[in-house]
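**Student:** my questions concern the predicted model and sequence given below.
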Amino acid sequence: MTNETTSKVVRVDVDRCVGSGMCALTAPAVFTQDDDGFSQVLPGREDGGGDPMVREAVRACPVQAISMEEEA
């Protein structure tokens with residue numbers, strides 16, 4: 001059973017990001033790249049937007065700059 005009081009929050013560690021673009025390729029409904037090529041979570045998609053590919057984007061990041069954490 002899932003806990004309804006927690007929500008997921010997707011974050012990009014901008015200090016770690018190298019701009020590989022794997023997240024934007026894997027889950028384009030959640031991630032984009034800025035003008036310098038670094039990853040960003042799209043506004044309003046900080047919860048992952050229900051996209052099942054977010055977990056794959058977390059795994060695909062070559063420098064582990066993406067995290068998905070549960071918050072109360």
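**Tutor:** All right, it came through fine.

**Student:** got the contact list for the residue nearest the centre of the chain?
**Tutor:** The centre of the chain sits closest to V10, judged by Cα atoms, centre = their mean, with a distance of 4.6 Å. By Cβ atoms under 8 Å, 6 or more residues apart in numbering, the contact set of V10 is 30, 41, 45-48, 54, 66-68. From N, CA and C alone the C-beta is placed, and that goes for glycine too.

**Student:** let's see 7 Å
**Tutor:** Counting by Cβ atoms under 7 Å, 6 or more residues apart in numbering, V10 touches 30, 41, 46, 48, 54, 66, 68.

**Student:** backbone phi and psi for the second one, please?
**Tutor:** For V41, the backbone dihedrals (degrees, to the nearest 10) come out as phi -80, psi 130.

**Student:** report how many residues lie close to it.
**Tutor:** 21 (other Cβ atoms under 10 Å).

**Student:** same deal with the third one?
**Tutor:** The number of residues packed near E46 is 14, by other Cβ under 10 Å.

**Student:** I'd guess the residue nearest to the centre of the chain is in a helix, am I close?
**Tutor:** No: with DSSP: H, G, I helix; E, B strand; the rest coil as the criterion, V10 is strand rather than part of a helix.

**Student:** still on that earlier bit, buried subset of the contacts of V10 as a ChimeraX selection?
**Tutor:** Of the contacts of V10, the buried ones can be selected in ChimeraX as follows, counting by 16 or more other Cβ atoms under 10 Å:
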select :30,41,48,54,66
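
**Student:** A24: which of the contacts of V10 is nearest?
**Tutor:** Using Cβ to Cβ, V30 comes nearest to A24 of the contacts of V10, at 8.7 Å.
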